[in-house]
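A.B. asks: coords please:
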Amino acid sequence: MSDFQTDARTVLGELGETLGRIDATRIDALVAALERAGRVFVLGVGREGLAARGFAMRLMHLGFDCHWGWDDTTPNVAEGDTFLLVNGSGAIGHLDYVFEQVRAAGAQTLVVTGVPDGRTPREADLTIAIPATVYRGSGDLVTSIQPMGSLFEQATGLMFDLIVLRLAESRGLDFDALAARHRNFE
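C.D. replies: Model prediction:
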């Protein structure tokens, strides 16, 4: 029987190794691309999609004109927009289709993935590789005691939260400024 504290230390170690292997120059490029963006569209599916959706929410709190791609109120994407897609395995068929539609519209494409040699990550303007065990993905990935893509999903959420810190700093925003943009009808 596993021990909670032992498992917690193991998972934190996995996350530390994963985040430590992310190319920081790619993070710099992602931050710069977001700062130059007009409108930002974010998309993902499953648990990695939840991390992406949380990032979209924080981008709105930071003052970005940001849209979650699956929302019914999302406007059309156009040239000059930025599209950020989380595609863990790099080979999720309907995400590949959406990517093609967005690219044809002329938007800049950013892909976060565990498998950077997948079709969509290869064709993106910028790819961020998170080298964590991912559902239906393979390669030089940090292994995990957790099922399927849990490590990738957690690392993606942490990476996005760390990017939020950088964006808040670069925009000169404190956390009260972000909270002031939070929905006020809960």
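
A.B. asks: skip the chain neighbours and tell me the closest residue to residue 146.
C.D. replies: residue 11 (6.6 Å; Cβ to Cβ, 6 or more residues apart in numbering). All C-beta atoms are positioned from the backbone trio N, CA, C, and that covers glycine.

A.B. asks: got a pLDDT number for that neighbour?
C.D. replies: Residue 11 is assigned a predicted lDDT (pLDDT) of 97.

A.B. asks: in the one helix or strand it maps to, what's buried?
C.D. replies: Assigned by DSSP states H and E, residue 11 falls within helix 4-20. Buried residues in helix 4-20, defined by neighbour count with 16 or more other Cβ atoms under 10 Å: 11, 14, 15, 17, 18, 19.

A.B. asks: rewinding a little: the residue nearest to residue 146 and residue 155: what is the separation?
C.D. replies: Going from residue 11 to residue 155 by Cβ to Cβ, to the nearest Å gives 11 Å.

A.B. asks: and the helix holding residue 11, how far from the chain's centre?
C.D. replies: Relative to its chain's centre, helix 4-20 lies at 20 Å (Cα atoms, centre = their mean, to the nearest Å).

A.B. asks: check which helices and strands that helix is in contact with.
C.D. replies: Where contact means 3 or more Cβ pairs under 8 Å, 6 or more residues apart in numbering; DSSP states H and E, helix 4-20 is packed against helix 150-170.

A.B. asks: what does the helix it packs on contact?
C.D. replies: 11, 14-15, 18-19, 22, 27, 30-31, 34-35, 46-48, 50-52, 54-55, 58-59, 62, 86, 88, 112, 114, 128, 130, 132-135, 137, 142, 144, 174-175, 178 (Cβ atoms under 8 Å, 6 or more residues apart in numbering).

A.B. asks: list the residues that contact the residue nearest to residue 146.
C.D. replies: 144, 145, 146, 151, 154.

A.B. asks: that one and residue 143: what is the separation?
C.D. replies: Per Cβ to Cβ, residue 11 is found 12 Å from residue 143.
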